[in-house]
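Chemist: Can you look at this prediction? I've put the sequence above it.
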Amino acid sequence: MCGIFGASGVSDAAQATYLGLYALQHRGQESSGIVVLDRDGAVRTHRGMGLVQDVFSPDVLSRLQGDVAIGHTRYSTTGSSVLANAQPGVVSYHAGPLALAHNGNLTNAAEIREDLVRRGSIFQSSSDSEVLVHLIARSDARAIEDQIRDALERVEGAYTLLLTVGRTLHAIIDARGFRPLVLGRLGDGYVLASETCALDIVGATKERELEPGEWLKIENGTVTDLPRLPPKPIRRCIFELVYFSRPDSTVFGQSVDQVRRALGRQLAIEHPAPGADSVFSVPDSANAMALGYSEQSGIKLEHGLIRNHYVGRTFIDPGQASRVANVRIKFNPVRDVIDGRSVVVVDDSLVRGTTSRALVRMLRQAGAREVHFRLASPPITGSCYYGIDTPTRDELIAANSTVDEIRAHLGVDSIGYLSLDAMVGSAASGITYCHACFSGDYPTRLPVDSSRLEKRTPSRVITV
Ligand code: AMP
């Protein structure tokens, strides 16, 4: 997953983008980058591995001058975690510098890349997003917009894009609308962001969320609606609401906080825990869900686990070993509210079971008499090919075990998963969602073999 932010007509566009990315840090922590254009069309860029605040020093930011910018914060779903894959990528193009920031995942990138490499294209990264740049450059159309349209017709999957060509900023969402994007007003200029929390941090006012297939062009203080991409059945990603987005954001027209509370209430209805002394969340993504569970059930809400906020999201750090160690670094139980009690622990989702198993062990060591585990989403049985970093099926605990086996694996007294209908019902409001990772109902053809994308990269250069 990634976070993207763009600005046009904003006096210190890099500073605004930096703040925007700072607010979107939860969407990716591996690398980040900003590309900025000044009034003469000169392009400046800085990218680095790590957190936004570490990548951009005040000195670097002061050198990124201009009033048009796009930025990106990444964790890898396709392509490895290396600087070459950090975005935005910027290339010299006949119509001016072209920079691209992509949130989502292209499902046919491996095939397109293979074809392009055979025809002589030279790739600089192993990320799926680079194929778009090549397709734009190879289009026979004359106008840049037609070239972009040609490229988009070739790709499948999820793409929410911010693209600058010269000083013109384009914002595009694939026709299914997997990933969110919101337009805001900042002074005389405009900003775009994955989530509204990034508008808040820069003091922008929300204009509107972009709809699936929408394409905005922002140039000289004017926003133009370009013809939409050919329509496809809409599939907003439900996991944005369940886990990914910040609760203070509005995503797909809905308050993430309110949706999560509703999920928690439904969970309490479907899987009550009579006689439990308290309920608490696995912080922070499940906080609102535990609140909803408590409201509905009348079980007292407590803070049973404290999260160290200086540690990243466990999943975002690739590699199983560091993930296990991170759990202990990241959470600590509050003994006084656990010792001798029967507790309900609410989490948003269960993926591998690694974090949760370690957490349950901690709770037992802290004296929990009974642990009732409640999940505010259904079992995750399939990978996501649209930009969420869900592992392959063999790593997904629910793809390989029954619910009772999962209960035994976690070492809990009871377990309850929210049903698919209740999840969709809680998130509803007339939107059609992609819930393929829960239901297996994939809205696109699946990638042939995504690992090929890495393997076919000729002579990878390792930067040390
Ligand atoms: P585990 O017990 O190892 O399956 O981890 C479950 C935790 O991972 C839950 O607390 C979720 O909030 C979190 N989680 C779920 N999906 C993701 C994801 N795609 N990326 C990062 N964390 C996730």
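Modeler: Perfect, thanks for sending it. Bear in mind the structure is a predicted one, so any value in this text is a computation, not a measurement.

Chemist: alpha carbons only for contacts and neighbour counts from here, please
Modeler: Fine.

Chemist: Name all residues that make contact with Val133.
Modeler: If you count contacts by CA atoms under 8 Å, 6 or more residues apart in numbering, Val133 has them with Leu100.

Chemist: Might you quantify the distance of whatever helix or strand it lives in from its chain's geometric centre?
Modeler: Secondary-structure assignment from DSSP states H and E places Val133 in helix 130-138. On the basis of CA atoms, centre = their mean, to the nearest Å, helix 130-138 is displaced by 23 Å from the centre of the chain it belongs to.

Chemist: same question, stretch 16-35
Modeler: From the chain centre to the centre of stretch 16-35 is a distance of 12 Å (CA atoms, centre = their mean).

Chemist: In the helix holding Val133, which residues are buried?
Modeler: Using 16 or more other CA atoms under 10 Å as the burial criterion, the residues of helix 130-138 that qualify are 130-137.

Chemist: and after that helix, which helix or strand comes next?
Modeler: Per DSSP H and E, helix 130-138 leads on to helix 144-154 as the next helix or strand towards the C-terminus.

Chemist: Could you list the paired strands of whichever helix or strand comes after that next one along with their orientation?
Modeler: Using DSSP H and E, the helix or strand that follows helix 144-154 in sequence is strand 160-165. The pairing partners recorded for strand 160-165 under DSSP bridges are strand 98-103 (antiparallel), strand 168-173 (antiparallel).

Chemist: who wins for proximity to Thr354 among those?
Modeler: If you check each of these against Thr354 by CA to CA, strand 98-103 wins as the nearest, at 26.7 Å.

Chemist: after the closest one comes which helix or strand?
Modeler: Following the chain from strand 98-103 toward its C-terminal end, the next helix or strand by DSSP H and E is helix 109-118.

Chemist: If you count neighbours, what's buried in stretch 352-371?
Modeler: Taking 16+ other CA under 10 Å as the basis for neighbour counts, the residues of stretch 352-371 that come out buried are 352-360, 362-364, 366-368, 370-371.

Chemist: outside of it, which residues touch it?
Modeler: For stretch 352-371, using CA under 8 Å, 6+ apart, the contacting residues are 323-324, 327-328, 331-335, 338-345, 350, 395-398, 409-414.

Chemist: returning to what we had before: possible to save the strands paired with strand 160-165 as CSV with mean neighbour count and distance to the ligand?
Modeler: Converted to CSV, the strands paired with strand 160-165 look like this (neighbours: other CA atoms under 10 Å; distance: least, CA to the nearest ligand atom, whole Å):
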stretch, mean neighbour count, distance to the ligand
strand 98-103, 27, 14
strand 168-173, 24, 21
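
Chemist: returning to what we had before: dump the buried residues of helix 130-138 to CSV, plus pLDDT and distance to the ligand.
Modeler: Written out in CSV, the entries for the buried residues of helix 130-138 read as follows (pLDDT from 0 to 100; distance: CA to the nearest ligand atom, whole Å):
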residue, pLDDT, distance to the ligand
Glu130, 92, 23
Val131, 96, 24
Leu132, 96, 24
Val133, 95, 27
His134, 95, 29
Leu135, 96, 29
Ile136, 96, 30
Ala137, 93, 33
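
Chemist: and which of those residues is nearest Ser11?
Modeler: Using CA to CA, Val133 comes nearest to Ser11 of those, at 27.8 Å.

Chemist: Could you check stretch 429-448 against the ligand for contacts?
Modeler: No: for stretch 429-448, no contact with the ligand is found by CA under 6 Å from any ligand atom; the gap never falls below 10.4 Å.

Chemist: Tell me the buried residues in that stretch?
Modeler: Within stretch 429-448, the residues that count as buried by 16+ other CA under 10 Å are 432-438, 442-443, 447.

Chemist: What's the mean pLDDT across that stretch?
Modeler: The pLDDT scores in stretch 429-448 average 94.

Chemist: now swap in stretch 21-40 and tell me
Modeler: So the average pLDDT for stretch 21-40 ends up being 96.

Chemist: Now that stretch: buried residues?
Modeler: Of the residues in stretch 21-40, those buried by neighbour count under the rule 16+ other CA under 10 Å are 21-38.

Chemist: end to end, how far does it reach?
Modeler: End-to-end distance of stretch 21-40: 25 Å, with CA to CA, to the nearest Å as the criterion.

Chemist: starting at the chain centroid, how far to that stretch?
Modeler: Averaged C-alpha coordinates place stretch 21-40 at 14 Å from its chain's average position (CA atoms, centre = their mean).

Chemist: Also stretch 356-363?
Modeler: 26 Å.

Chemist: Any part of it near the ligand?
Modeler: Yes: using CA under 6 Å from any ligand atom, stretch 356-363 reaches the ligand at Ser356.

Chemist: Alpha carbons only: can I get stretch 185-203 in PDB?
Modeler: The C-alpha coordinates for stretch 185-203 follow below in PDB (Å, rounded to 0.1, in the frame of the first residue of the first chain):
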ATOM      1  CA  ARG A 185      -8.400  23.600  -1.700                       C
ATOM      2  CA  LEU A 186      -5.400  25.300  -0.100                       C
ATOM      3  CA  GLY A 187      -5.300  29.000  -0.600                       C
ATOM      4  CA  ASP A 188      -5.500  29.700  -4.300                       C
ATOM      5  CA  GLY A 189      -4.100  26.200  -5.100                       C
ATOM      6  CA  TYR A 190      -5.200  22.600  -4.900                       C
ATOM      7  CA  VAL A 191      -4.100  19.500  -3.100                       C
ATOM      8  CA  LEU A 192      -4.800  15.900  -3.600                       C
ATOM      9  CA  ALA A 193      -4.400  13.100  -1.100                       C
ATOM     10  CA  SER A 194      -5.100   9.500  -0.400                       C
ATOM     11  CA  GLU A 195      -7.000  10.400   2.700                       C
ATOM     12  CA  THR A 196      -8.600  13.500   4.200                       C
ATOM     13  CA  CYS A 197      -6.300  13.400   7.300                       C
ATOM     14  CA  ALA A 198      -3.600  14.700   4.900                       C
ATOM     15  CA  LEU A 199      -5.800  17.600   3.900                       C
ATOM     16  CA  ASP A 200      -6.300  18.400   7.600                       C
ATOM     17  CA  ILE A 201      -2.600  18.600   8.400                       C
ATOM     18  CA  VAL A 202      -2.000  21.200   5.800                       C
ATOM     19  CA  GLY A 203      -5.100  23.200   6.600                       C
END
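
Chemist: can you tell me which of the strands paired with strand 160-165 comes nearest to Arg44?
Modeler: Shortest separation from Arg44 across the strands paired with strand 160-165 is recorded for strand 98-103, at 10.6 Å, computed as CA to CA.

Chemist: got the contact list for the closest one?
Modeler: Applying CA under 8 Å, 6+ apart, the external contacts of strand 98-103 come out as 1-4, 35, 70-72, 87-92, 129, 133, 158-166, 179, 387.

Chemist: that older thread, cross the contacts of stretch 352-371 against helices and list the overlap.
Modeler: Among the contacts of stretch 352-371, the ones falling in helices (DSSP state H) are 323-324, 327-328, 335, 338, 397-398, 409-410.
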